[in-house]
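# Have a look; sequence and predicted model below, questions after that.
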Amino acid sequence: GENVEQHPSTLSVQEGDSAVIKCTYSDSASNYFPWYKQELGKGPQLIIDIRSNVGEKKDQRIAVTLNKTAKHFSLHITETQPEDSAVYFCAASTIYNTDKLIFGTGTRLQVFP
Amino acid sequence: EAQVTQNPRYLITVTGKKLTVTCSQNMNHEYMSWYRQDPGLGLRQIYYSMNVEVTDKGDVPEGYKVSRKEKRNFPLILESPSPNQTSLYFCASSFDRINSPLHFGNGTRLTVT
């Protein structure tokens, strides 16, 4: 079955710097890759997603890139702000099992003022 | 306001005492799911439901039961809780299947002593 690995587990950056979180997946049939942000005391919230027919997607300061050959996808946050501090989860689902989303183990991002 | 509501937020119980965590969504979503979140393990799916009276096992279903008698409600039942079920639990819903954004509740922190 699908396995998703996420790195790093913790990431500290200075406000204004960029942050990059990387995930690799095992199943080449994976076709949907969302990213969720979990703030303290809350449930995860979708921030951006990408499908396998697209190589990159941007939404203001957030972008996701997908490399299907290498089977990895990354979240890029530019001009980080203290409110970006949270736990971020990547996830993947396959074309033959759209009922199941496999999550990575999470990255705790801390943005220092 | 569109939301997924879980109750209770915190629960401390003893081994073997049956408990139910409720989950309700007001978005008329067909898909609902339960996850547990543990340090270093990310989010793991317990059970999911595609519609009323349709439920299926996720990756870690042992020790849990669910029911979907109404579209809006999806309770998680622990018939005989054990300490290894101490965890943070999240209910989530989406319009249809996994490729629609998942909306999460704010979580239930369960401690079994």
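All right, it came through fine.
# Contact partners for the residue of chain B found nearest chain A?
Of all residues in chain B, residue B:104 sits closest to chain A, at 3.0 Å by CB to the nearest CB. (C-beta placed from N, C-alpha, C; glycine too.) Applying CB atoms under 8 Å, 6 or more residues apart in numbering or on different chains to residue B:104 gives the contacts A:36, A:42, A:43, A:44, A:45, B:4, B:90, B:91, B:92.
# For the residue nearest to the third one when sequence neighbours are not counted, list each beta-bridge partner.
Which is residue A:43. Leaving aside its chain neighbours, residue A:43 sits nearest to residue B:104 (3.0 Å; criterion: CB to CB, 6 or more residues apart in numbering or on different chains). Beta-bridge pairing of residue B:104 under DSSP bridges involves residue B:92.
# burial measure for residue A:85, as a count.
18 (other CB atoms under 10 Å in any protein chain shown).
# pretty sure residue A:54 belongs to a strand, no?
No: looking at residue A:54 with DSSP: H, G, I helix; E, B strand; the rest coil, it is coil, so not inside a strand.
# Excluding chain neighbours, what is closest to the spatially most central residue of chain B?
Nearest to the geometric centre of chain B sits residue B:34, at 3.0 Å (CA atoms, centre = their mean). Nearest residue to residue B:34, sequence neighbours excluded (CB to CB, 6+ apart): residue B:46, at 4.3 Å.
# Could you check which helix or strand contains the one you found?
strand B:42-51 (DSSP states H and E).
# The host helix or strand of residue A:100 and chain B, are they touching?
Secondary structure from DSSP H and E places residue A:100 in strand A:97-103. Yes: counting by CB under 8 Å from any CB of the partner chain, chain B has neighbours in strand A:97-103: A:98, A:99, A:100, A:101, A:103.
# one step back: show the buried residues in the contacts of residue B:104.
The neighbour count (16 or more other CB atoms under 10 Å in any protein chain shown) marks A:36, A:43, A:44, B:4, B:90, B:91, B:92 as buried among the contacts of residue B:104.
# mind putting those residues in JSON lines, secondary structure included?
Shown next, in JSON lines, are the buried ones among the contacts of residue B:104 (three-state DSSP):
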{"residue": "A:36", "secondary structure": "strand"}
{"residue": "A:43", "secondary structure": "coil"}
{"residue": "A:44", "secondary structure": "coil"}
{"residue": "B:4", "secondary structure": "strand"}
{"residue": "B:90", "secondary structure": "strand"}
{"residue": "B:91", "secondary structure": "strand"}
{"residue": "B:92", "secondary structure": "strand"}
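# Would you mind checking the average pLDDT for the strand holding residue A:100?
Strand A:97-103 shows an average pLDDT of 84 in the prediction.
# who does that strand pair up with?
Strand A:97-103 sits in its sheet next to strand A:86-94 (antiparallel), going by DSSP bridges.
# could you give the angle of the lowest-mean-pLDDT helix or strand in chain A to strand B:42-51?
Every helix and strand of chain A was ranked by mean pLDDT, DSSP states H and E. The lowest is strand A:97-103, at a mean of 84. Note on geometry: by axes from the mean of the first three to the mean of the last three CA atoms, to 10 degrees, strand A:97-103 and strand B:42-51 are set 160 degrees apart in direction.
# pLDDT value on residue 10, please?
I'll assume chain A. 97.
# not quite, I wanted chain B
Value listed for residue B:10 in the pLDDT field: 97.
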